[in-house]
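> Got a sequence here, can you model it:
(chains A and B)
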Amino acid sequence: MSATLFGLMGAALVGIGLFGMLVRTQVLLRILSFNLLGGGIFIVFGAVARRGAGAGFGGDPVPQAIILTGIVVAFAATTLAVALVLRLAANQDRS
Amino acid sequence: MIADLLLAAAILAVAVASILARRTFTAVALFIAYGLLLSLAWVRLSAIDVALTEAAIGAGLSGVLLLGAVRRLASRAEAPANPPPGAAMTVLIGIACACVAAALGAVILLLPEPAPSLAPQVAANLPTTGLGNPVTGVLMSFRALDTLLESAVVLLAVICVWSLTPDGGWGGAPGAAQPILGDGPLLLLARILPPLGIVVAVHILWVGKDAPGGKFQAAAILAAMWLLPWMAGLVAPPRIAARWLRLTVAVGPVVFIAIGLAGAVTEGAFLAYPPGWAMPLILVIEIVLTASIAVALALLVIGPPVPEP
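As a prediction, the model looks like this:
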């Protein structure tokens, strides 16, 4: 039951994050919205994992492990995006 | 059930407030709250390993990274960004995004019954690895290739971030100079917390083989324990030209690949562990990878060198 609830919440988060990415113009807010969207997708996947509970585990460990990997990769991408924003700002300051 | 409903409502409220916030600082503060609430949702979804990672990386390190960027961008005039979409366009975008969310929600409601699951296979094969935590078993054995690629992605991200170094800064100490603090809570925390944090991180790494925890969570805590004294101005990060620094970042993936290749020679499959050797080999990879990922995560937050103007 809570799997469905949080799955629906994840779906809503994807919509919210996408909306923020499209209507906000400050780049940092776009990066933030992108992470919000990513969190929603992970939760949707996590709800699927929860439904696969069995064999004594509270959830299917395979999607859970992939989500874990995904969070770290999303963070790496975010740091690169922020570094690009800061470098662009520094370039504009100089010119 | 009611607790779950309240939690989901709180997460949605914080998310909406975050994307509508007028100031970027407010948005980032709400985003950190979002990450922490989300980790509670992960607990409710019986994914404790993910909850730990979300709290440490999704809320903690991402929050530090974004707050630092807000501070560095605040001192300059707002760049002439694209004009925001008009009212009609905003409504259209809202409708389109609602459709995306509704489609995803419909998929959630229409998922097949009974749910497909790999849990029985994991349970059947976990004893061969000698591990007790199924998620660690998946990460280090059944889907070790994903973990290897992911550690390579983190290494690549460090190279990409460093490659954004402005002219004249290459090889220098990374990151903007931190303000010198005379006194205050940050300075106190930066002196008291690291010894405790390091012990907690080692514990989380060690229990990761049998209980929720593991290298990513431990690495994120270790990175935070380095970032804290850096932000307080107590330690200067090493120059990015330093050989030991580069070796530390690279050694994790290299050891992982070497053990994988050894498996290809002795067992006939890349990343296959010889019978009886799975557990010690996994431990070696986990410990080396923790060191590499911890340093890499900290370097990613600190950013490329900023030459003095």
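> Residues of the stretch 201-309 of chain B that sit close to chain A?
Taking CB under 8 Å from any CB of the partner chain, the part of the stretch 201-309 of chain B that reaches chain A is made up of B:216, B:293, B:297, B:300-301, B:303-304, B:306. Glycine gets a C-beta too; all of them are placed from N, C-alpha and C.
> Filter these down to the ones in helices?
Counted as lying in helices by DSSP state H, out of those, are B:216, B:293, B:297, B:300-301.
> Specify which member of those residues is nearest to residue B:6.
When those are compared for distance to residue B:6 (CB to CB), residue B:216 comes out closest, at 29.0 Å.
> Isn't residue B:221 up against residue B:57?
No. Counting by CB atoms under 8 Å, residue B:57 is not a contact partner of residue B:221; they are 10.0 Å apart.
> What ranges does chain A have for its helices?
Using DSSP H, helices in chain A cover A:2-23, A:27-51, A:61-94.
> Put together JSON lines for those helices, with mean neighbour count and distance to chain B on each row.
Shown next, in JSON lines, are the helices of chain A (neighbours: other CB atoms under 10 Å in any protein chain shown; distance: least, CB to the nearest CB, whole Å):
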{"stretch": "helix A:2-23", "mean neighbour count": "23", "distance to chain B": "3"}
{"stretch": "helix A:27-51", "mean neighbour count": "24", "distance to chain B": "4"}
{"stretch": "helix A:61-94", "mean neighbour count": "20", "distance to chain B": "4"}
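> In a markdown table: these, plus mean pLDDT and distance to residue B:119.
As requested, the helices of chain A are exported to a markdown table (pLDDT from 0 to 100; distance: least, CB to CB, whole Å):
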| stretch | mean pLDDT | distance to residue B:119 |
| --- | --- | --- |
| helix A:2-23 | 94 | 14 |
| helix A:27-51 | 93 | 9 |
| helix A:61-94 | 91 | 7 |
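> mind putting these in a markdown table, distance to residue B:205 included?
Shown next, in a markdown table, are the helices of chain A (distance: least, CB to CB, whole Å):
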| stretch | distance to residue B:205 |
| --- | --- |
| helix A:2-23 | 28 |
| helix A:27-51 | 23 |
| helix A:61-94 | 14 |
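> then stretch A:42-54 to CSV, C-alphas only?
Provided in CSV are the C-alpha atoms of stretch A:42-54 (Å, rounded to 0.1, in the frame of the first residue of the first chain):
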residue,chain,number,x,y,z
PHE,A,42,14.3,7.1,-7.9
ILE,A,43,11.3,7.0,-5.7
VAL,A,44,9.1,5.5,-8.5
PHE,A,45,11.8,2.9,-9.0
GLY,A,46,12.0,2.3,-5.2
ALA,A,47,8.2,1.7,-5.1
VAL,A,48,8.7,-0.9,-7.8
ALA,A,49,11.5,-2.4,-5.7
ARG,A,50,9.2,-2.4,-2.6
ARG,A,51,6.5,-4.3,-4.5
GLY,A,52,9.1,-7.0,-5.3
ALA,A,53,9.6,-7.7,-1.6
GLY,A,54,10.1,-11.4,-1.0
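> Residues in contact with it: which ones?
A:2-4, A:6-7, A:9-11, A:13-14, A:58-64, A:66-67, A:70-71, B:38, B:41-42, B:45-47, B:50, B:54, B:104, B:108, B:111, B:115-120 (CB atoms under 8 Å, 6 or more residues apart in numbering or on different chains).
> Mind listing what's buried along stretch B:199-216?
Neighbour-count burial for stretch B:199-216, with 16 or more other CB atoms under 10 Å in any protein chain shown as criterion, is recorded at B:200-201, B:204-209, B:212-216.
> In helices only, show me those.
B:200-201, B:204-207, B:215-216.
> How about the stretch 201-309 of chain B: which residue is closest to chain A?
Nearest to chain A, among the residues of the stretch 201-309 of chain B, is residue B:300, at 3.9 Å (CB to the nearest CB).
> Which residue is the nearest non-sequential neighbour of that residue?
Nearest-residue entry for residue B:300: residue A:79, 3.9 Å, with adjacent residues in sequence omitted and distances by CB to CB, 6 or more residues apart in numbering or on different chains.
> quick one on the thing from earlier: looking at the helices of chain A, which is closest to residue B:243?
helix A:61-94 (22.8 Å).
> Which strands or helices does the closest one pack on?
helix A:27-51, helix B:48-53, helix B:62-74, helix B:119-129, helix B:134-137, helix B:144-162, helix B:215-231, helix B:278-302 (3 or more CB pairs under 8 Å, 6 or more residues apart in numbering or on different chains; DSSP states H and E).
> and among those, the most buried is which?
Each of these was scored by mean neighbour count; the highest is helix B:134-137, a mean of 27, by mean count of other CB atoms under 10 Å in any protein chain shown.
> about what we covered before: got the ones in helices among the buried residues of stretch B:199-216 as TSV, with pLDDT columns?
Formatted as TSV, these follow (pLDDT from 0 to 100):
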residue	pLDDT
B:200	94
B:201	94
B:204	92
B:205	92
B:206	92
B:207	90
B:215	89
B:216	91
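> give the contact list for residue B:155.
Counting by CB under 8 Å, 6+ apart, residue B:155 touches B:249-250, B:252-253, B:292, B:296.
> pLDDT wise, what is it at?
Listed pLDDT for residue B:155 reads 95.
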